[in-house]
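Colleague: Predicted coordinates and the sequence they were generated for:
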Amino acid sequence: MFNRLLIWWALGLALGASWAHSDNLYRYKDDAGIVVVDWRVPAEFIDHGYEVLDETGRVLRVVPRALTGEEKQDANKARKLESEAISEQERLQAWDESLLLRYSTTEDIEAARDRALRDLKIRVSILKSNRRSLRQQVENAQARVAESERLGVQPRIEDLDYIAIAKTEIDATERQIEEREAQVDTVNEGYQMDIDRFQQLQDVVALRQSMERQRN
């Protein structure tokens, strides 16, 4: 009799220790879709997702199922789009603040545009003047070379070297002129965008003021 009681006491201690280490229950679905409640989730079912329950069956935490490769790609795309949307919102906010700090009217923007275009046109004019001067000097050197050849005299090496160097400078100057003329279009487009955005801001301010007057 004593031995039997000792055995039951030992089993009680063992079960008590097991329960002490298994406070939470886990609810999951097996491969057949059957809901199972157990003290643990088998490794092969963890990716399916599960719920953590307390001893009364109340849900403490829900662990979602693991995403498939395609779902992970979709989630990454969604996060990227969200990040881009936030970045675009921040860009617009910075743009709006800059416009409102720099300008009071659209006329202010137009005046700034005209100054920028005027500076660009002056630079283009200077470059074109330099190009004309270089071309004239090349023509003069070529005329001297032609005259020497007509007289049967060896052309001066200085004239030949200058023609080669000046032609390189002319090519470089023409590229600079093209870049400056392209900048004219870019500046026009940029300031026009500023004007359009500033007008939108003014419309929003006017609408708010109208709504405030109606409310009062």
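Modeller: Noted; the coordinates are in hand. Note that this is a predicted model, so its numbers are computed, not measured.
Colleague: could I have stretch 120-127 exported to CSV, CA atoms only?
Modeller: C-alpha atoms of stretch 120-127 as CSV (Å, rounded to 0.1, in the frame of the first residue of the first chain):
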residue,chain,number,x,y,z
LEU,A,120,21.9,82.7,-69.1
LYS,A,121,21.4,84.7,-72.3
ILE,A,122,24.3,86.9,-71.4
ARG,A,123,26.5,83.9,-70.9
VAL,A,124,25.3,82.5,-74.3
SER,A,125,26.0,85.8,-75.9
ILE,A,126,29.6,85.9,-74.5
LEU,A,127,30.2,82.3,-75.7
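Colleague: Mind listing residues that contact that stretch?
Modeller: The contact list for stretch 120-127 (Cβ atoms under 8 Å, 6 or more residues apart in numbering) reads 173, 176-177, 180-181, 183-184, 187. Every residue, glycine included, has its C-beta placed from N, CA and C.
Colleague: Buried by neighbour count: which residues of it qualify?
Modeller: Residues of stretch 120-127 classed as buried by neighbour count (16 or more other Cβ atoms under 10 Å): 120, 124, 127.
Colleague: just stretch 133-142 next, same as before
Modeller: Using 16+ other Cβ under 10 Å as the test for burial, stretch 133-142 gives 134, 138, 141-142.
Colleague: Tell me where the protein has helices.
Modeller: Along the chain, counting by DSSP state H, helices occupy 2-20, 69-102, 106-150, 157-215.
Colleague: average pLDDT across the shortest one?
Modeller: Spelled out, that is helix 2-20. Mean pLDDT, helix 2-20: 39.
Colleague: Repeat that for stretch 188-195.
Modeller: pLDDT averaged over stretch 188-195 gives 92.
Colleague: Can I get that stretch in PDB, CA atoms only?
Modeller: Coordinates of the C-alpha atoms in stretch 188-195 are reproduced here as PDB (Å, rounded to 0.1, in the frame of the first residue of the first chain):
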ATOM      1  CA  ASN A 188      11.600  78.100 -68.100                       C
ATOM      2  CA  GLU A 189      10.000  74.800 -67.200                       C
ATOM      3  CA  GLY A 190      11.200  74.900 -63.600                       C
ATOM      4  CA  TYR A 191       9.900  78.400 -62.900                       C
ATOM      5  CA  GLN A 192       6.600  77.600 -64.700                       C
ATOM      6  CA  MET A 193       6.200  74.600 -62.300                       C
ATOM      7  CA  ASP A 194       6.900  77.000 -59.400                       C
ATOM      8  CA  ILE A 195       4.200  79.400 -60.700                       C
END
